[in-house]
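Peer 1: dropping a prediction and its sequence here:
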Amino acid sequence: MSKSFSIVTEKYTPKKKKNLALLNFIKPLISGSSLEIIKECSTFLMFASDETLEHKKQIKGNSCKNRFCPVCAWRKARKDALKLSILMKYIQAEHQKEFIFLTLTAPNVSAEDLDNEIKKYNQSFKKLMERKEIKSITKGYVRKLEVTYNQERNDYHPHFHVMIAVNKSYFNKPTQYIKRDKWLELWQQVTDNPSITQVDVRKIKQNNHKEISEVAKYSAKDSDYLINENVFKTFYKALKGKRLIVYSGLFKTASKLFEEGEIDKYKEVDTTEYIYALMYSWGKGKYVEDEKRKLTEDEYRKLNKKLINELEIE
């Protein structure tokens, strides 16, 4: 088995199989044409590869872009991770800010209560950001909703991962610094739920991708929502139409600059020299290598010495 093919089998094949499992659960909830688009997702993949076939990147493919598609959710998370890392570099370099990472939770809820609980979370978070103590130290934030499923208890755990930009002086001034217990107290107040016992807050260390991954990763794991039809319906109803990631303040400004290519100087150049084009098609439960050829001169020129456009994330 070639190196290039092993990567396809290890990364893309399991996600494509889960994409097909999704069809059974989502079929009653969408139109026939939308179902067909999901079914055909990633049935064609084209990669550029270096001479050893060890390093490559996907350059073409048919994607459905459905938020519940395991293939598309994985690829979006990789792109979101890169975007977030660039926003942080820009905000740190040009606005001299540092970052704290906040996780806000509440007790698990039943399937019937999940949709309302997420709406309540959104309202409570808005109240939290408007509290005087928080508003005075927050220069911008990016907030991501994540929902996990507990199979043993058959309940759901919505929570927020929040990255907040603060002044460098925040960590040294007692009048500004907010301790973990104070965050918990404020979160209990805005949720009107004194039974909440856990919040997590920490300073983000430079070049730490752990927190970036937490914000960029999927709002729901396919290993959770594809357990059975009832669980999927619960996730679908609760997450459909919701804003899963929200940018505010400096992060919102930086996001716009990122989309316009204005802060590309913070991206790294892809140093891999791409030589080959590799084509795969999906059939009978696996990917088949249809073609391996050298890149044309035009393809070589367009693909090499370009900026990276995604980061590794599981």
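Peer 2: The structure has been received and is ready for your questions.

Peer 1: where does the prediction get shaky in the protein?
Peer 2: Low-confidence segments of the chain (pLDDT under 70): 1-5, 206-208, 314.

Peer 1: is residue 140 in a bridge, and if so with what?
Peer 2: On the basis of DSSP bridges, residue 140 is bridged to residue 165, residue 249.

Peer 1: that one - how many residues pack around it?
Peer 2: The tally of other residues near residue 140 (other Cβ atoms under 10 Å) stands at 22. (C-beta placed from N, C-alpha, C; glycine too.)

Peer 1: and it, what is it in contact with?
Peer 2: 91, 97, 164-165, 247-254 (Cβ atoms under 8 Å, 6 or more residues apart in numbering).

Peer 1: show me where the stretch 101-250 of the chain has strands.
Peer 2: In the stretch 101-250 of the chain, the strands defined using DSSP state E, counting those that start in this stretch lie at 140-150, 155-167, 199-203, 245-249.

Peer 1: tell me what the next helix or strand after the last one is packed against?
Peer 2: Elements were assigned by DSSP states H and E; along the chain past strand 245-249, the next helix or strand is helix 250-259. Applying 3 or more Cβ pairs under 8 Å, 6 or more residues apart in numbering; DSSP states H and E, we find helix 250-259 packed against helix 70-95, strand 140-150, strand 155-167.

Peer 1: could I get those as CSV with distance to residue 241?
Peer 2: Shown next, in CSV, are the helices and strands packed on helix 250-259 (distance: least, Cβ to Cβ, whole Å):
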stretch, distance to residue 241
helix 70-95, 16
strand 140-150, 12
strand 155-167, 15
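
Peer 1: list phi and psi for the residue lying closest to residue 169 once chain neighbours are set aside.
Peer 2: Once flanking residues are discounted, residue 169 sits nearest to residue 176: 6.6 Å by Cβ to Cβ, 6 or more residues apart in numbering. Residue 176 adopts backbone torsions of phi -100, psi -40, taken as degrees, to the nearest 10.

Peer 1: hmm, back to that, any chance of the strands of the stretch 101-250 of the chain in CSV, plus distance to residue 187?
Peer 2: Formatted as CSV, the strands of the stretch 101-250 of the chain follow (distance: least, Cβ to Cβ, whole Å):
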stretch, distance to residue 187
strand 140-150, 13
strand 155-167, 10
strand 199-203, 5
strand 245-249, 17
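
Peer 1: which of the helices and strands packed on helix 250-259 sits closest to residue 192?
Peer 2: strand 155-167 (16.3 Å; Cβ to Cβ).

Peer 1: mind listing what's buried along that closest one?
Peer 2: Judged by neighbour count (16 or more other Cβ atoms under 10 Å), strand 155-167 contains these buried residues: 155-166.

Peer 1: same check on stretch 296-304?
Peer 2: 303-304.

Peer 1: got a list of contacts for that stretch?
Peer 2: 48, 59, 270, 273-275, 277, 295.

Peer 1: how about stretch 224-244?
Peer 2: Contacts of stretch 224-244 (Cβ under 8 Å, 6+ apart): 18, 21-22, 24-26, 29, 67-68, 70, 111, 114-115, 118, 144-145, 147-149, 151, 156, 158, 219-220.

Peer 1: and stretch 201-213, by the same measure?
Peer 2: 81, 84-85, 88, 98-103, 161, 163, 171, 178, 180, 183, 311, 313.

Peer 1: ChimeraX command to pick out the buried ones of these?
Peer 2: The buried residues among the contacts of stretch 201-213 can be selected in ChimeraX (16+ other Cβ under 10 Å) with this line:
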select :81,84,85,88,98,99,100,101,102,103,161,163,178,183,311,313
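
Peer 1: I figured residue 45 hits residue 58, correct?
Peer 2: Yes: at 6.2 Å, residue 45 counts as touching residue 58 under the criterion of Cβ atoms under 8 Å.

Peer 1: these two: which has the busier surroundings?
Peer 2: It is residue 45, of residue 45 and residue 58, that has more neighbours when counted by other Cβ under 10 Å, with 23 against 19.

Peer 1: which residues sit in contact with the more buried one?
Peer 2: 8, 12, 58, 60-61, 279-281, 287.

Peer 1: any idea which of the buried residues of strand 155-167 is closest to residue 307?
Peer 2: residue 163 (22.6 Å).

Peer 1: then stretch 217-236 to CSV, C-alphas only?
Peer 2: Extracted as CSV, the C-alpha positions of stretch 217-236 are listed here (Å, rounded to 0.1, in the frame of the first residue of the first chain):
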residue,chain,number,x,y,z
LYS,A,217,-13.4,21.5,16.6
TYR,A,218,-16.9,20.2,15.9
SER,A,219,-19.9,21.4,17.8
ALA,A,220,-21.0,17.8,18.0
LYS,A,221,-19.0,14.6,17.6
ASP,A,222,-20.2,12.2,15.0
SER,A,223,-19.5,9.4,17.5
ASP,A,224,-22.2,11.0,19.6
TYR,A,225,-24.9,12.0,17.2
LEU,A,226,-24.7,8.9,15.0
ILE,A,227,-25.4,6.5,17.9
ASN,A,228,-29.1,6.1,17.0
GLU,A,229,-31.9,7.8,15.3
ASN,A,230,-33.4,9.4,18.4
VAL,A,231,-30.1,10.9,19.5
PHE,A,232,-29.5,12.3,16.0
LYS,A,233,-33.0,13.9,15.9
THR,A,234,-32.2,15.6,19.2
PHE,A,235,-28.9,17.0,17.9
TYR,A,236,-30.4,18.0,14.6
